[in-house]
Structure formats: structure tokens, C-alpha cells
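> One predicted model, sequence on top.
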Amino acid sequence: MTTNPSPDTDLAFGGDRASVLLATARAMVEDLHLGAVHRWKAANPGGLAIGYMPVYAPRPLLEAIGCLPVAILGGGDQIDIIRGDSYYQSYICHIPRSTIEMGLGGHLNCLDGMVFPSLCDVIRNLGGMWKMLFPERWSAYLDLPQNFALHLGGKFYASELARIAKELEGRGAKPLTAENLRIALKNENRRRKAIAVLDELRRREPWRLPASDAYLLVRAGSMLPALEHAEMLEEFALAVKGRQTRPFDNVRVVLVGSFCEQPPFDLIRTLEKAGCDIIEDDLMLGLRYIEHALDEESGDPLETLAHGFIKFGAATASRYIGEADKGAALISRVKATEADGVVFAAASFCDPALLDQPMLEAALDKAGIPFTSFKFAENTGQFQVIREQAGAFSDSVKLWGAVQ
Amino acid sequence: MSTALPVRNRPGVATKASSQKDASQDRQKQMLAEHFDKLERAPQTGQKVVYTFVPGNLTELLGALDLLPVLPEINALQSGMRQKSAGYIAEAEKAGHSEDVCTYVKCDIGMLRSGNIGPTGTKIPPPDLLLLSYTGCFTFLKWFELLREEYQCPVVMLHVPYQPDGHVTPEMRQYVVNQLKDEVIPALEKLAGKKLDMAELQRRLRLSAQAEDDLVAVWESAKHKPSPIDGYFGGVYYIGPIFTAFRGSEEACAYYSELRGEVEARMARGEGPSTPDGLMGEQRYRLVVEGPPNWTSFPDFWRMFAKEGAVVVNSTYTRVGGLYDQGFRHSPEEPLESLADYCLGCYTNLGIPSRIDLIEKYIKDYQADGFLINSVKSCNSFSAGQLLMLREIEQRTGVPGGFIESDLVDPRYFSKANIENRLQSYFQMIDARRLRA
């Protein structure tokens, strides 16, 4: 099992189970050949592994038909981009380049299909490019609704989900049954709860569970079945309580804008070293996207899954705001987590994040919440400027105050 | 005996007599002036103003309810042509908008913050409603979120599903129709203060189809050699009325009927299209172009083609407001379904494989010598994937592909010398292929 390393590994960490789990998570995240997926396929002969691009994909649907959903989050700073760059102009973000690089380099050969959820025009068009580049592999565009009336967007989305399940059934997945979907919803609820426990711990004691650790633990689970991931997180939450550590005099920040292309891991560490406790973020938003448990006993679990997206979907840049107040959700998160300020970290050329940012900044300004912003690419290698900027922000918040 | 070509036949050299404007050009100018005049007077006349987008616009519906449309992309491109966009973009960037994002959006926001003076020099009133027809471009969604913050006005959204596989499913169509029935039409009726008269909508749809017939005849005239039109630089003028405020009106029908007559007369005379310097001479290269043009240096950009004798026989940009040449017509028989099909079928709402198929078809049907992409920094909907399209189309057709980069309305991204060099190299490549053949 991927989350249960050998006793030797345990010994290497002096019996510290939390550190072992963290090391396992990190190894999984850095493994661009998706060893965890290979292991799952070996243990589940005939099972399909289905990759998906950010932000959100209906994982319970895929699990219910016997598939392993695998979040594809680009190659980060782990891969040299050669072929990927030849498909994109300089003004397009980095994640599609590294995804194509991984595809053409064989890193994703263990995947039996790909889902491209509606997020932005770049990811949408990548879906079409994927069809051209890998015509023999199954892939689908998933049109997430932007109309949030249950009888309109909800109904359309349910039909989208049914279509995806049917297409995959044609590729060897199990037929979708209400019973299996209910089980998948239950497992996803458990995972959601385990992530929430971890998030709460991070908010309460960020020195015990820094964001960088939480990030690895959550991201590793994006290539695991929900139940297995939940068990891993539950075990970690127990183990980490014994960690010997002490509080630091850091500011508490919410990190916004990294919901798709992920910053390099060292960038997250850089922010922490610069005096910022990231007590909330939208990294790995996909696994936190549905902000409420879904009814595990539902008579129509497909409708429950579809309506869950409509009713409980997280406020984020790729989701239409409708008549709601822009920035209200962010301010509410800042207040609920007792954050001192906000750090905007958007990938360069990320349309959703960068078009959203001025509206969020205006709302924060109005609410008297300090913020700072910078851009990154997943393969950014120099962090000194960001460290200085974050350090200056942290100092200024400490000196001149935070939320008014 | 001189070996020089007669003036009429030399590439890029116009005849003196041809610099006169066509009657349809004057008609269009007059139509636009009247529309912007109505907009300026709207606060006094009480006519309500709806901002919306070109792809997936619902002009017949707005017209049937006496609502006046404003198209922010058109204002932005006009600002680019009038050399105003650099200042407007700077204004928006000063206010915190990223240099990485769409310059149409920043130009529009800068224009709003600078007094909202439109292309004819008159003031554009603020919207009474934002009609967010979300078709083929993610940025539209953010754009109207931004405008809602600026104007603090109501907004109604129409989510148009994307066509990844080149066909419209019954679920997609029904989703759009249901949104029209349950949300869009009620919001428009509330604004207009009256119920939608379905007969009036049908009448307008009938007029739309009539104008669409004429427009298609204009597009297809480019199959003739020499082409009597330029389907890109000239094409952007031809799409003006039908993409903006006039589809479904008698004025649009009159315009397209007149335009068609002019084009057919040119074809009968064996003449080429108008260029910034008069009628085009010898046509040495027939091109299909993908991507929007640059607006800040539009005449210079056009001249780079015209002076080399390159005529654009078809372009994808002129299909963002509807693929009429592929058979679609607005239909009074099924009014809402017809509007839904229209929204679903706009060019930028099509998946990359469908776009490649369409361009391949254009190259073959219009006997093009080359295929050129103008990749604009601002528009990921168009641009992401174009390098793959280029390779695939070259492979399928054997026609040489060219690639240039610029932007919609940000002059910082238009490098005249660079683009001109690339184009000249590209034309030489076509020549070399011909010699080899």
C-alpha cells in the first residue's frame, strides 16, 4: 500500500510516524511517473486510471465506476520543458506546457483517459489538443455549469456526469449504479472531513502543521482513492500531535490564486521562512471544492453529486459570482481563520486569477485587510525577491496592524 | 516596350478611380452614427441600454424589446483604431489590472474611467443591464464581473456550453433554451417594462436570415479569381452590422443587399477588393487567416498584405459572430432553439479539432495558397493551441503555414518591422514552393 512504507523507513525517522507519512507524501508528489497509479492498477486489474486537470472533477463519479481519479497538476520544477514549449506562445501559462511534456514523454502512459474540466480557455483548448495528440486515448471536456439554478445548471450538469460515466463504461469501466455512487460519496465525505481536521489543526497550530506539510499530504491524496487518502490523513492527524515544536512569531496569511498551476514547493517554504503562516490557501482546491458533506443515503446520488457542485461549490475565480458580493467569501475566510492578511500568488498569465484579483483587492481594501501579491511559474527557481517581499509584508503587518 | 506591369496589375498598387468609397460603406457609417446617437440620448429618451458580447449575441431579442445593445469588444477595437487604447490600457493597469490579461478588458475599463466616450465621439451611457452571453471565451465572464463592480448594475448570465466534439447535443441545446425562457427573457422583459412579443421576435429572425443569405454570398465571392473581397481586412467591415446592433433589422438587410450588389459588380468587372490605398491590383497570394487582426496598426497591417498582392480569401475571425457559411440561419420557426443554436455554433465555441477541420475546408474550398495565423497575446480562446493547428493543417493540406504575433489593442505588442519581415519571408516561402512544384 502506498501510504504504508517499510519498517526500515519508520526507523529512518526515529519512529516518528508523522514524518514517515510526510516523506511518503513528498515522494508521491515528486514522482512524475505516477508510481502510486501504477501500484493501484496492479492491485486493481482492469481498473481505469483517469487523469483530470484543475480545478474540480467529480471524483466520486469516477470512483463509483471503478476508476481511479488522478489530479494532473503539471510537472512543477521537476521536468525540463522541451516539446511542451513548442506548442505554446510565450504569453501562455506554464501548466499546459509541462502537461504536454509529460504526455509526450510517456509520464502519463498509465492513464487510460483524461478529463478537461471547464476552467479557462487554455485548459479548454488543451483538451482539444489532447485529442489531436493522443487520438487513441479517451478524453473528455467536462462543462461545469455556470448557471446555479438546480433545474437549469444542475440538470445540465447531471447530464454531463451521466455522459462521462457512459463513455467510460464503453472503455471498460463498471456501469454506474446508485449503490456504488453512494459508497463513493460516503468515502469522499470521509476524506473531506479528514482534510477539514487537518486544516483546522493548521489554523490552530501552524507551527505544528505548517502549510507546506499540509500541502504535501493533501496533494499526495489526489492520486489515491478517497478512502485510502482519508485513512492516511486520519493517521497523520493523530501522529502529528506528538510532534515536538514551538510557536513562531509569524503573521497569519491566506494564500489566494494558486488553484490551478501550483507554485514550486520551495516557494511555499519560502513564504513560511519569510514569516508567513499560511493558514488557508486555494492550493489543491479541487479536493476541498465541495464545502459540505453530500447526502450518502440519497435516493438519487447522481443528482446529489450534481447539486452538490451547485449548492456547495467554493467561491473561486473560475466560478461565476452571480449576484453575490465579490470578495465576500474571501473576507469571510480571512475572518474565520483569524488571518492577518492575504497573499495573492497567481501563476503568470493565469486569466482567471489575474482577472479576479483587482476585484478581490478592492474588497480587501474596503475591509481594511492588508495584502500583497506576486506571480510565479511552476518552475520558478529564484525566490529571493519573493522572500524579501513576503518578509516586508509580514513585518509591516506586525508593525502597523492587520484586520481592522 | 516597358516591362513594368500596368498600374492596375501591379501588386499592391491601386487605381486612382478606385479610391472612392462604396455606397455600402457610407450606409454603414450612417447606421453606426445613428445608433451611437440613440445611445447618447438614451438617458433622455428613457430607452434602456444592455451591454453584451458579439459571440452569442441576442440582438433580435433585444431589438424585439426595444433595448439598445452596447458591445464592449467593438468599443475596445474602435479605441484601438483611434489610437486611444494605449492610454486606456495604461489607466487600467494603473488601477491594478495585470499586464498579462486581455487588453480588450483593460481598454474597456480604461475607457469607462476616462468618460466612456464611444467611437463616434459621443458618450456611451452606463448599462441598465449586463447580458453576459458566455460563449466561447472565459474572459467574458470575468469582464462582466469587473463591469458589474464598476457600474453596480444588474446582470443576467446565459451559459452556453462548449462544443468540444463539433456537435450540439440535445442537452446542450435544451440547457440554453431553458435559460433563455427562465432567466434571460424575464430579466429583459423586466428591464423593458413589457412582455416579449414572439411575433416581433420571429419577424426579426426572418430579417436576420435574409441578411445572412447576402453575407454568405459575399463570403463565397472570394472563391472567384480574382477575389472581389478581402475576407479579413475588408471582412471586418462586412461583419460590422450583423455582429453588432443591427442583425434582425431592415437596415441590416438593406446594407447586405447593397454590399452583395457591389461585390457582385466587382466580380463581374474582374476587380479586386478595396484596400487602404484603393482597389487591389494583381492577386499573387490567396490566404486563409486564423485569429483576430491587430487594431492599433490596422491600415499598416493591411498594407503589408496588399502591397505584396496577398488577398485573404477567408478568415476565422469573421466567424466569431456566427458560422453562416456552414449553413446556419436564424429561423422564425423555432425562435429560441434557433438563438440557442446560434450561440452554440460561434467559431470560438468550437473545439480545436473542429477548428482545424473548418480551416482545412476553407483552404480547399477557396483554393488558398497559404494559411497564416495572427496569434494575439490577449486572446487565449483563439491563441492557445494555434501552434498545433498550424502543424496539423500544413500536414493535411500541404499548404505552407505562417505564424506572426501581435495583440488586439495594445500597441506595445505590434512590432511593425518584425511582422513585415516575417510576412515577406512567408511570401517568399510560397514562391519557393511554387517554383518547386
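Structure's in. What do you need? Numbering: from 1, shown residues only, chains lettered A, B, ... in the order given.
> For the closest residue in space to residue A:75 that isn't next to it in sequence, what is the enclosing helix or strand?
Leaving aside its sequence neighbours, residue A:75 sits nearest to residue A:98 (Cβ to Cβ, 6 or more residues apart in numbering or on different chains; 3.3 Å). Just so you know, the C-beta spots here come from the backbone N, C-alpha and C atoms, and that holds for glycine as well. Assigned by DSSP states H and E, residue A:98 falls within helix A:95-104.
> who are the neighbours of that helix, in terms of helices and strands?
Where contact means 3 or more Cβ pairs under 8 Å, 6 or more residues apart in numbering or on different chains; DSSP states H and E, helix A:95-104 is packed against helix A:121-133.
> Could you spell out the sheet neighbours of the helix or strand just after the helix it packs on, each with its direction?
Scanning forward in sequence from helix A:121-133 by DSSP H and E, the next helix or strand is strand A:138-142. Using DSSP bridges, strand A:138-142 pairs in its sheet with strand A:113-117 (parallel).
> From the chain's centroid, how far away is the partner strand?
Relative to the mean C-alpha coordinate of its chain, strand A:113-117 is positioned 15 Å out (Cα atoms, centre = their mean, to the nearest Å).
> can you check stretch A:346-355 too?
On Cα atoms, centre = their mean, the centre of stretch A:346-355 falls 16 Å from that of its chain.
> mean confidence for it?
Mean pLDDT, computed over stretch A:346-355, is 98.
> Pull the contacting residues for the residue nearest to residue A:75.
By Cβ atoms under 8 Å, 6 or more residues apart in numbering or on different chains, the contact list for residue A:98 reads A:74, A:75, A:76, A:79, A:81, A:84, A:378, A:379.
> gap between the fourth one and residue A:107?
For residue A:79, the distance to residue A:107 equals 8 Å [Cβ to Cβ, to the nearest Å].
> Check the first one too.
Summarising the geometry, the distance separating residue A:74 from residue A:107, computed by Cβ to Cβ, is 11 Å.
> Can you give me the neighbour number for whatever residue of the stretch 251-400 of chain A ends up closest to chain B?
Of all residues in the stretch 251-400 of chain A, the one sitting closest to chain B is residue A:355 (3.6 Å; Cβ to the nearest Cβ). Using other Cβ atoms under 10 Å in any protein chain shown, residue A:355 has 26 neighbouring residues.
> cool, residue B:335 as well?
Quick note: residue B:335 (other Cβ under 10 Å) scores 22 neighbours.
> For it, which non-adjacent residue is spatially closest?
residue B:201 (5.2 Å).
> Which element, helix or strand, includes the one you found?
Assigned by DSSP H and E, residue B:201 falls in helix B:198-220.
> what's the spacing between that helix and its chain's center?
Worked out by Cα atoms, centre = their mean, helix B:198-220 lies 17 Å from the chain centre.
> and what of stretch A:44-59?
That offset, for stretch A:44-59, works out to 14 Å (Cα atoms, centre = their mean).
> quick one: it near chain B?
No. Using Cβ under 8 Å from any Cβ of the partner chain, we find that stretch A:44-59 stays clear of chain B, coming within 12.7 Å at best.
> mean confidence for that stretch?
97.
> May I have it as CSV, with CA atoms only?
Output of stretch A:44-59 as CSV, limited to C-alpha atoms (Å, rounded to 0.1, in the frame of the first residue of the first chain):
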residue,chain,number,x,y,z
ASN,A,44,-6.9,-3.5,-9.4
PRO,A,45,-6.6,-5.3,-12.7
GLY,A,46,-8.8,-3.8,-15.4
GLY,A,47,-9.4,-0.6,-13.4
LEU,A,48,-9.1,2.6,-15.3
ALA,A,49,-7.0,5.5,-14.1
ILE,A,50,-8.4,8.8,-15.3
GLY,A,51,-6.4,12.0,-15.1
TYR,A,52,-8.1,15.3,-14.8
MET,A,53,-6.9,18.9,-15.0
PRO,A,54,-7.6,21.5,-12.3
VAL,A,55,-9.7,22.7,-10.6
TYR,A,56,-12.5,20.3,-9.9
ALA,A,57,-13.6,17.0,-11.2
PRO,A,58,-16.4,14.8,-9.8
ARG,A,59,-14.1,12.2,-8.2
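> Local confidence estimate at residue B:299?
96.
> What is the helix or strand harbouring it packed up against?
Assigned by DSSP H and E, residue B:299 belongs to helix B:298-306. The contact analysis (3+ Cβ pairs under 8 Å, 6+ apart) places helix B:298-306 against strand B:274-275, helix B:416-436.
> Of these, which is nearest residue A:50?
Closest of those to residue A:50 is helix B:416-436, at 41.4 Å (criterion: Cβ to Cβ).
> Average pLDDT for that closest one, rounded please.
Rounded mean pLDDT across helix B:416-436 is 95.
> try stretch B:328-338
Mean predicted lDDT for stretch B:328-338 stands at 98.
> go on, stretch B:185-196?
98.
> Repeat that for stretch A:269-278.
97.
> Contacts made by that stretch with the rest, please.
Residues contacting stretch A:269-278 (Cβ under 8 Å, 6+ apart): A:206-207, A:210-212, A:248-255, A:268, A:343, A:383, A:386-388, A:390-391, A:393-395.
> Can you give me the distance of the closest residue to residue B:208 other than its chain neighbours to residue A:348?
Distance criterion Cβ to Cβ, 6+ apart; nearest residue to residue B:208, sequence neighbours excluded, is residue B:330 at 3.9 Å. Per Cβ to Cβ, residue B:330 is found 41 Å from residue A:348.
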